[in-house]
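K.L.:
Could you work out the structure for the sequence below:
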Amino acid sequence: MPIRFLALSVVAAFGVLLGTAQEAKAQDVDPQKAAACLQAVDSANYEQVLAACPEVLEVLPEDHPYYAHWAQTVNYAYSLQCQPAFEAQQWDSVIAYCQMAIDANPGAFIMNYFLGIAHQTKQDWANTAVSFSAFLNGVQGNSEAASQLSDQIATAQRSGGIAYARAGALQDAIPLLQAASRANGTDVEVHFRLGRALLATGEEQGAERALTVVLDNNPPGAIRAPVLFLAGQLNYNAGDYARADTRLTAFLATSPQQGAPDAHYMLAQALQGTDEDRAVTHYQGFLSGSAAGDARAADANFALGTIFYNRDDCGNAEQYYQAFMELAPDHANAAQVTEILASIAEGGCEGG
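P.N.:
This is a model prediction of the structure:
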């Protein structure tokens, strides 16, 4: 309860407490506004406190006898407005009052949690992330608060990590998403965003583990296709061709609008030594869908020409070798292909 002042005229009371030096410092203070602030504080009318006091405090000297108490009362008034606004889901009011409460008292870390929820509701991802991080920093080292706010901590880690990821701040997102993933080992969205963030920062093994969790927990269709592609690509890069085959084949079965040529190329490369027929299918799939100027097209044509030449299928071999020469006449294999084409032209191949 705020301290009550002596029953003086409020205008007179303010004037009485001004010494000569303080009076000089406070010359910009409007006595009527100061009196309104004094009356609001004295009567514990917190709406009037917020209406009258902040403007006065901007110019009132900090060593004035009323300054500390008025500032404390304003902070208390902001706090009183913050939580009810949060409970009523009045998000604009939460953002206004809770931010002012934090500015007045940075130690009131729970207000950051309220702010995080409000910013999240408005899809302001940058401020969502900052607010939840400030809340988590406030709880850190406070074991009593941590035990009482365990649900809020879990929400802040998850939502803060996702917000950082949405805002593109991946390095900040990763530790929060990792904490959230430890708290819930089957959370599809957390592991999806963690996998993508780790992949973008070069941590491919961690990314593959996170994306595997996503695939193991029946992700929605909008997520499943890109995860199959990313996980298959990681398996391919790691030389795990069996798992790459499974995932990239499943990806192609979704009839993707993007990524199909890349998946075909990786599968063709992975299968060329073990399943030549499927390798041919995927090289052809790559060539039919790749963009003009794709540097891999020359290698795909060379690989197909070689497969068909080794099968004595000179018609197809000649077709793909000629396409290779048109695309890459200066390639290291160009001289060898020139000789093979000459041999085919002379009838040195028994294929079709």
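K.L.:
got the CA positions of stretch 162-177 in PDB?
P.N.:
Output of stretch 162-177 as PDB, limited to C-alpha atoms (Å, rounded to 0.1, in the frame of the first residue of the first chain):
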ATOM      1  CA  ILE A 162      10.600 -21.100 -33.000                       C
ATOM      2  CA  ALA A 163      10.400 -17.300 -33.100                       C
ATOM      3  CA  TYR A 164      14.100 -16.900 -33.500                       C
ATOM      4  CA  ALA A 165      14.000 -19.400 -36.300                       C
ATOM      5  CA  ARG A 166      11.100 -17.600 -38.000                       C
ATOM      6  CA  ALA A 167      13.100 -14.300 -37.700                       C
ATOM      7  CA  GLY A 168      16.100 -15.900 -39.300                       C
ATOM      8  CA  ALA A 169      18.300 -15.700 -36.100                       C
ATOM      9  CA  LEU A 170      19.400 -19.300 -36.300                       C
ATOM     10  CA  GLN A 171      22.300 -19.200 -34.000                       C
ATOM     11  CA  ASP A 172      20.000 -17.800 -31.300                       C
ATOM     12  CA  ALA A 173      17.300 -20.300 -32.100                       C
ATOM     13  CA  ILE A 174      19.400 -23.400 -31.800                       C
ATOM     14  CA  PRO A 175      20.000 -23.500 -28.000                       C
ATOM     15  CA  LEU A 176      16.400 -22.800 -27.200                       C
ATOM     16  CA  LEU A 177      15.200 -25.400 -29.700                       C
END
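K.L.:
Can you name the element that comes right after the helix or strand harbouring Leu80?
P.N.:
If you go by DSSP states H and E, Leu80 is part of helix 67-87. Sequence-wise, the next helix or strand downstream of helix 67-87 (DSSP H and E) is helix 91-104.
K.L.:
what is the mean pLDDT for that next one?
P.N.:
The average pLDDT for helix 91-104 rounds to 90.
K.L.:
Same check on stretch 37-48?
P.N.:
87.
K.L.:
picking up where we left off before, by contact count, what packs against the helix holding Leu80?
P.N.:
helix 31-42, helix 46-59, helix 91-104, helix 110-121 (3 or more CB pairs under 8 Å, 6 or more residues apart in numbering; DSSP states H and E). All C-beta atoms are positioned from the backbone trio N, CA, C, and that covers glycine.
K.L.:
in the first one, what counts as buried?
P.N.:
Spelled out, it's helix 31-42. 33-42 (16 or more other CB atoms under 10 Å).
K.L.:
next one: stretch 88-108
P.N.:
91, 93-102, 104-105, 108.
K.L.:
Between all of the residues you listed, which two are at the greatest distance?
P.N.:
Trp91 and Asn105 (21.2 Å; CB to CB).
K.L.:
now the end-to-end length of stretch 326-344.
P.N.:
The first and final residues of stretch 326-344 sit 17 Å from each other (CA to CA, to the nearest Å).
K.L.:
mind listing what's buried in that stretch?
P.N.:
327-328, 333, 337, 340-341, 344.
K.L.:
Secondary structure and distance to Asn237 for those residues - can I get that in CSV?
P.N.:
Putting the buried residues of stretch 326-344 into CSV (DSSP: H, G, I helix; E, B strand; the rest coil; distance: CB to CB, whole Å) gives the following:
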residue, secondary structure, distance to Asn237
Leu327, helix, 25
Ala328, coil, 24
Asn333, coil, 24
Val337, helix, 29
Ile340, helix, 32
Leu341, helix, 34
Ile344, helix, 36
